[in-house]
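Peer 1: quick check, what structure comes out for this input:
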Amino acid sequence: MAIISTEVISVAKFLKNNKLSIPHFQRPYKWSVKNVIQLLEDVDRFKSKSSYRIGTIIVYRDKDKDKDEDQIVDGQQRTLTLFLILKAIHTTKADLSDSIKEQIADVIAQLFDPHFKSEISKQHIRENYAEILRRVRNMDEGLIVFLLHGCELSYLVIDDLSEAFQFFDSQNSRGKELDPHDLLKAYHLRELPKDKGQLSKIDVPKLVQAWENMETEQLAALFSNLLYRVRGWSKGDSSRYFTKADVSLFKGINFETTEQYPYIKLYSYVKENQEKSIGAVQEVVFPFQMDQTIINGKNFFEMVSHYKSKYDSLSTLSGTISEEAREVFDIINSYAGKDRTGDKYVRMIFDCALMYYLDKFGDVEPSRAILNIFIWAYSPRLKYQSLQLASVDNYIIRESNIFKKIKDSVFKEDVLQLHLPFMDETFESDKTKKIKELFVKMNYCNE
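Peer 2: Below is the predicted model:
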């Protein structure tokens, strides 16, 4: 890594840089009103000091590019908030002295022009700007001068994007903590080919845009509710909460840097044939599996898009299944207790197990799979009065791990002929009456 420069600069000097830009790999602007208020209150609290350091900004500058840009890698949230504060002061403070007005106008004239596609960013910008407008009306000239010239930033310029991404992985002390999937996005962008010839074959903006088109909440649910838990439970591991400590589960091999072990040859063979088929009438599609070794970079992004599509379309199976299996979907989508916390957990393990079966065996006898997985997943609902995430996690790990069964199965019959015990006793509840009626109808418990 080559650090081009490092300095401590004032907010005014930092914002007087029209070469600043928000790169495509950045997450949306997510600072809340609470974060904004905290920053403004910190500035006000330290205004009697000679200076106040409000954070670090790290930018990437590609010296080989014709276009000279300072791409913000770390500090985007703080930068955009300072941008909004300055805009609000310029817009609302008409009673300032000529000297202060000139200083503000000088910064505004050289301010960068950020653009946003993310609706999440736009929403937070609207909410935060409204709060900032309310607060800057009470700002006196002394506080404005301190903000512009007394508040400082550590400003680092780096010319190695790979190293810059490592800074992106970290979080700012006052900023919003990065979600695990944000860290994975940064990691796998960093894992794209280093060779510019190879990289030119990859439409990086398209990869990033496909990711950004998925709402943060959708991505979080995809990883925490499906991908993380299937990978963990299929190995027999407890899988309750997806945190930053678990992101290594979604880091795998890089064909450029990983030693070519024999097991990697299978993946290499598929990848080579996939590349050869580009532009052919029928291109080779990488055969994703939820428990496979992760292929870093482009393949990871394609895998996430693949499973997001599959996850969203799970409910549409009802049009291609038997009447009995359709009844299962009808009941779990409508019974009285379906929105209780414990019931949401059993629905989650039902969806995970069905996704895992379809992922491995495809659309082969899905109706039988639905019936079996329903009995397996909803047995704890009838067995216990209270269900927590720990309850269903323990049920899978200690009592009946259908995920490991699917993982170890060679033929679909190994799963479809799974022994599911008859329930002699069940917990009676009006909220689960429809579930029990279906168990009785399928001969898995008495009335």
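
Peer 1: every contact and neighbour count from this point should use C-alpha atoms.
Peer 2: OK.

Peer 1: now for residue 112, how many residues are close by?
Peer 2: Neighbours of residue 112 under the rule other CA atoms under 10 Å: 17.

Peer 1: do you know the pLDDT at it?
Peer 2: With respect to pLDDT, residue 112 scores 91.

Peer 1: now do the SS call for it.
Peer 2: coil (DSSP: H, G, I helix; E, B strand; the rest coil).

Peer 1: residue 418 versus that one, what's the distance?
Peer 2: Going from residue 112 to residue 418 by CA to CA, to the nearest Å gives 62 Å.

Peer 1: same check on residue 134?
Peer 2: On the measure of CA to CA, residue 134 and residue 418 end up 63 Å apart.

Peer 1: try residue 252
Peer 2: 32 Å.

Peer 1: show the contacting residues for residue 8.
Peer 2: For residue 8, the contact set (CA atoms under 8 Å, 6 or more residues apart in numbering) comprises 152-155.

Peer 1: residue 432 now?
Peer 2: So, once contact is read as CA under 8 Å, 6+ apart, residue 432 ends up touching 335-337, 381-382.

Peer 1: quick one, grab the pLDDT at it.
Peer 2: Value listed for residue 432 in the pLDDT field: 93.

Peer 1: against residue 333, how distant is it?
Peer 2: Taken as CA to CA, the span from residue 432 to residue 333 is 12 Å.

Peer 1: how about the strands in the stretch 51-200 of the chain?
Peer 2: 52-60, 70-74, 151-158 (DSSP state E, counting those that start in this stretch).

Peer 1: just the angle for the second one relative to strand 52-60, thanks.
Peer 2: What it means is strand 70-74. For strand 70-74 against strand 52-60, the angle by axes from the mean of the first three to the mean of the last three CA atoms, to 10 degrees is 120 degrees.

Peer 1: pull the distance from strand 70-74 to the chain's centre.
Peer 2: In terms of CA atoms, centre = their mean, to the nearest Å, the gap separating the centre of strand 70-74 from the centre of its chain is 20 Å.

Peer 1: same check, this time on stretch 376-390
Peer 2: With CA atoms, centre = their mean, you get 29 Å for stretch 376-390.

Peer 1: just stretch 182-194 next, same as before
Peer 2: Taking mean C-alpha positions (CA atoms, centre = their mean), stretch 182-194 and its chain are 13 Å apart.

Peer 1: only the buried residues of it, if you could.
Peer 2: 182-193 (16 or more other CA atoms under 10 Å).

Peer 1: check stretch 75-94 too.
Peer 2: For stretch 75-94, by 16+ other CA under 10 Å, it's 75-90, 93.

Peer 1: can you list the domain ranges for this structure.
Peer 2: 3-178, 207-311, 313-441 (automatic domain parsing).

Peer 1: got the contact list for residue 182?
Peer 2: residue 27.

Peer 1: how much space between it and residue 27?
Peer 2: 7 Å.

Peer 1: I appreciate the help and will end here.
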